[in-house]
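S.K.: with the input below, show me the fold.
(one chain, ligands or ions: 1)
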Amino acid sequence: MEDRNNNNNEIYALIIGAGISGIVLARLLAEKNQKVLIIEKRNNIGGNCYDYIDKNGINIHKYGPHIFRTDNGKIWQFLSRFTAWHEYKHKVRAIIEGKEIPIPVNFTSIDTLFDTTKAKVFKEKLISKYGKNEKVPILELKKTDDKDLRELAAFIYEKVFYHYTLKQWDLKPEELAGDALARVPVYTSYYDGYFTEKYQAIPQNGYTKMFENILNHPNIKVQLNTDFKDLKNTKYKYLFYSGPIDEYFNYRLGALPYRSLNFEFKTLPQKQFQSVAVVNYTSKEPFTRITEFKHFFNQKIGQTTVAYEYPAAFELNKNERYYPIPKQENEQLYKKYLQLAEKEKNIYFIGRLGEYKYYSMQSAIAAIFELVKKIAT
Ligand code: UDP
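M.R.: Numbering: from 1, shown residues only. Just a heads-up that it's a prediction; the model follows:
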């Protein structure tokens, strides 16, 4: 009988965690003729990109909406080897003062929220100050010296960003370090997509299927329901750890804080619940957004499934980690953990939890591409 932990052939890489970072890394190493073992604590691959088809045939993103986008042709071509794509331009709306507006705020949002004269002034001034078809982060717009634009900035800040950010992060917009807020700028145009990247799509058969295809290689072995601690006898040359870096070091320097989410899923006997896949609730409601999944594939069926998204503090053993919190003191604590990591031989920390970084899917993949260039195989 095969003892799965007794590998006579030493493997090259042991990868902890089968999320997007671990999966892409496994494939790149396997294609360099290296033997890879990837283990996953959960009963499924995909990390928080995991999706499945529900009983009505609707593709559900269990951990919240994921839309793939990139300008990077290499990343796009890489993934395209493992999936066909459903082209999908993501649209998000918010309900402000009872009116549905596009998010990011664009010229349609301004036309909807203000009377014609005022809207005209705002649009003209935005163009003359920032140019046409530009993206202006709200905190930059707030700094403007123009009186009208200041009024517009204060309105958008209060109605779109302030409460949502407080709910999502338990922080005020100014307290967020990095470019989290700049992900959702103000558009100086009528463009109403959520993203502006060249490639925007969802895997035709879902993310989980695409990941299965990526892992389908003779040099890759996958073990689900397996904790790192279960693998005492496995010999490897390199360890790639996509779990939480603070957990790896037994929280020696203190715990890195995270935000978590609770989802309330509802399947309703109606064709449509809302006009687009995601509607943000930017006021004092306890949830931040509602996702209606059938919009992703434009499915025409009699039922629909929606998910209400409730942000929450992360609590160990109670809920899941979703977002590293972009705050300077957290980044400093992470750097201290990194110093510990650098003292260990042949171990790399990867992904949102390993690098304590608010990665999008494309930026997580880009980081793995860079890492593989650095490691001698
Ligand atoms: N945000 C906001 N209001 C919105 C949309 C976004 O205040 O209507 C802020 C909020 O702080 C959020 C950040 O912008 O966490 C990034 O938004 P994004 O939609 O990229 O978040 P994700 O999909 O990663 O949760």
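
S.K.: from now on I want contacts and neighbour counts done on CA atoms only, so please keep to that.
M.R.: Will do.

S.K.: OK, contacts around the residue of the chain found nearest the ligand?
M.R.: Closest residue of the chain to the ligand, C-alpha to the nearest ligand atom: F161 (3.2 Å). Neighbouring residues of F161 by C-alpha atoms under 8 Å, 6 or more residues apart in numbering: 173, 282.

S.K.: ok so it is a helix residue?
M.R.: Yes: counting by DSSP: H, G, I helix; E, B strand; the rest coil, F161 falls inside a helix.

S.K.: let the chain start at 6 from now.
M.R.: In the new numbering, first residue 6, that becomes F166.

S.K.: just the pLDDT for K79.
M.R.: With respect to pLDDT, K79 has a value of 98.

S.K.: what about the closest residue in space to I25 that isn't next to it in sequence, neighbour count?
M.R.: Sequence neighbours aside, G51 is the residue nearest to I25 in space, at 6.1 Å (criterion: C-alpha to C-alpha, 6 or more residues apart in numbering). Here the number of neighbours of G51 (other C-alpha atoms under 10 Å) works out to 22.

S.K.: cool, the one 3 residues further on as well?
M.R.: Using other C-alpha under 10 Å, C54 is surrounded by 20 other residues.

S.K.: so who does it touch?
M.R.: Applying C-alpha under 8 Å, 6+ apart, the residues near C54 are 24-25, 66-68, 71, 212-213.

S.K.: mark which of these are part of strands, please.
M.R.: H66 (DSSP state E).

S.K.: in JSON lines, list the contacts of C54 along with neighbour count.
M.R.: Shown next, in JSON lines, are these (neighbours: other C-alpha atoms under 10 Å):
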{"residue": "G24", "neighbour count": "23"}
{"residue": "I25", "neighbour count": "26"}
{"residue": "H66", "neighbour count": "21"}
{"residue": "K67", "neighbour count": "16"}
{"residue": "Y68", "neighbour count": "18"}
{"residue": "H71", "neighbour count": "19"}
{"residue": "Y212", "neighbour count": "24"}
{"residue": "T213", "neighbour count": "21"}
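
S.K.: which one of the contacts of C54 is nearest to L171?
M.R.: Set against L171, the nearest of these by C-alpha to C-alpha is Y68 (20.4 Å).

S.K.: how close does the closest residue to the closest one other than its chain neighbours get to R188?
M.R.: With C-alpha to C-alpha, 6+ apart as the criterion, Y68 has its nearest non-adjacent residue at 5.3 Å, and that residue is N53. The gap separating N53 from R188 is 19 Å, by C-alpha to C-alpha, to the nearest Å.

S.K.: isn't the residue nearest to I25 right up against K214?
M.R.: No: contact criterion C-alpha atoms under 8 Å: G51 and K214 do not qualify, at 9.2 Å.

S.K.: please, where are all the helices along the protein?
M.R.: Under the criterion DSSP state H, the chain contains helices at 25-35, 78-85, 112-118, 121-135, 143-146, 152-161, 168-174, 212-220, 250-253, 333-348, 356-359, 366-379.

S.K.: can you pull the contacts of the residue nearest to Y68?
M.R.: N53 touches 24, 67-69, 327, counting by C-alpha under 8 Å, 6+ apart.

S.K.: D59 now?
M.R.: D59 neighbours (C-alpha under 8 Å, 6+ apart): I65.

S.K.: picking that back up, turn the contacts of N53 into CSV, columns for pLDDT.
M.R.: Output for those, formatted as CSV (pLDDT from 0 to 100):
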residue, pLDDT
G24, 98
K67, 98
Y68, 98
G69, 97
Y327, 98
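
S.K.: next, the distance between the ends of stretch 262-281.
M.R.: Taking C-alpha to C-alpha, stretch 262-281 runs 32 Å from one end to the other.

S.K.: and if you look at stretch 193-205?
M.R.: With C-alpha to C-alpha as the measure, stretch 193-205 spans 21 Å from end to end.

S.K.: over to stretch 110-125?
M.R.: End-to-end span of stretch 110-125 (C-alpha to C-alpha): 15 Å.

S.K.: right, I'll leave it there.
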